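Visitor: quick check, what structure comes out for this input:
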Amino acid sequence: MKAQKPAEGILTRKDWGDSKSYVVTCECCSDDHSHNVWVESDESGITVNTYTNQKTNFWSKTRWHHIWNLLTNGYVEYEASIIMSQQQALNYAETLKHAILDVKQFRENKDGTAQ
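Guide: The predicted structure follows:
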């Protein structure tokens, strides 16, 4: 199995050279489970940030239970999930690998220095 281009389940949102933004979709096709991934290069190096919409396990507890946990413990438990096919997982890994190399090379060419 080889990584695809264009890639199943991976959407390139924007490429600024020193940063790239992707949307990784869930196999269930729900936008609630999609992850936003940013690969960025700055003075401190290369970073990969993943953003998700967090959900409480509302089906097992009442809102009052969550409010009580927040008041007494200082936090509420959240969860996020994404289901990927084997092909999508491979595409995800290859996309991250290439994005990291691309933003690193862009940064080195811009600064004229190697990191």
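
Visitor: distance check, residue 46 against residue 91.
Guide: Distance, residue 46 to residue 91, by CB to CB, to the nearest Å: 20 Å. From N, CA and C alone the C-beta is placed, and that goes for glycine too.

Visitor: what segments of this protein are helices?
Guide: 63-73, 86-111 (DSSP state H).

Visitor: which elements pack onto the longest one?
Guide: With contacts defined as 3 or more CB pairs under 8 Å, 6 or more residues apart in numbering; DSSP states H and E, helix 86-111 has these neighbours: strand 10-15, strand 19-24, strand 35-42, strand 45-52.

Visitor: can you add mean neighbour count and give these back as TSV?
Guide: Below are the helices and strands packed on helix 86-111 laid out as TSV (neighbours: other CB atoms under 10 Å):
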stretch	mean neighbour count
strand 10-15	14
strand 19-24	20
strand 35-42	18
strand 45-52	13
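
Visitor: hang on, residue 3 packs against residue 89?
Guide: No: the pair residue 3 / residue 89 is not scored as a contact, 10.1 Å apart, by CB atoms under 8 Å.

Visitor: with neighbour numbers in mind, choose between these two.
Guide: residue 3 (16 against 13; other CB atoms under 10 Å).

Visitor: check contacts around that one.
Guide: 90, 91, 93, 94, 95 (CB atoms under 8 Å, 6 or more residues apart in numbering).

Visitor: which one is it nearest to, not counting chain neighbours?
Guide: Spatially, and ignoring its direct neighbours in sequence, residue 3 is nearest to residue 94 (3.6 Å; CB to CB, 6 or more residues apart in numbering).

Visitor: I'd like the distance between that neighbour and residue 100.
Guide: Taken as CB to CB, the span from residue 94 to residue 100 is 11 Å.

Visitor: cool, and residue 24?
Guide: 15 Å.
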